[in-house]
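>>> here's my sequence, what's the structure:
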Amino acid sequence: MNPQSKEYCFFQHTRCEYFPCHRSIDPEEFNCLFCYCPLYALGDACGGNFKIEKSGIKNCTDCTFPHKRENYSAVLAKLKVLINTVKQDNLNKGRCSGEDTK
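So this is what the prediction gives:
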């Protein structure tokens, strides 16, 4: 079954004072599930429409990628990239013992 057809892939908080925070999406279709984009840390590999400000800050004002229902699976796939990047970085720095800790 297509994950986008599942209810857990879509959430709206229409009472939020910022809803919708990006105006280019039909409010009926606006997905708030990834309100704070989990892909921000991927930099230019996030897959979204962003700009880098002169100050070096990533500006995602024009990005609607995580707010479209049909991108749920793509966001999860990109999250796996981020997780693996952090995992590899920790391995390279000797921070992982290979065992799960609590």
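>>> can you give me the helices in this structure?
Remark: helices assigned in the chain by DSSP state H are 72-92.
>>> tell me how many other residues crowd the closest residue to Phe34 other than its chain neighbours.
Using Cβ to Cβ, 6 or more residues apart in numbering and skipping residues adjacent in sequence, the residue nearest Phe34 is Pro66, 3.8 Å away. C-betas here are computed from N, CA, C, even on glycine. Per other Cβ atoms under 10 Å, the neighbour tally for Pro66 reads 25.
>>> now do the contacts for Pro66.
Residues counted as contacts of Pro66 (Cβ atoms under 8 Å, 6 or more residues apart in numbering) are Asn31, Leu33, Phe34, Cys37, Pro38, Leu39, Gly48, Val75.
>>> could you redo the last one with a cut-off of 10 Å?
Pro66 is in contact with 22, 31-40, 46-48, 60, 72, 74-75, 78, counting by Cβ atoms under 10 Å, 6 or more residues apart in numbering.
>>> of the residues you listed, buried ones?
Neighbour-count burial (16 or more other Cβ atoms under 10 Å) is assigned, among these, to 22, 31-34, 37-39, 46-48, 60, 72, 75, 78.
>>> neighbours of the closest residue to Cys60 other than its chain neighbours, how many?
Spatially, and ignoring its direct neighbours in sequence, Cys60 is nearest to Phe50 (4.8 Å; Cβ to Cβ, 6+ apart). Neighbour count for Phe50, taken as other Cβ under 10 Å: 19.
>>> same question for Lys80.
Using other Cβ under 10 Å, Lys80 has 9 other residues around it.
>>> ok, now how distant is it from Glu17?
According to Cβ to Cβ, to the nearest Å, Lys80 stands 33 Å off from Glu17.
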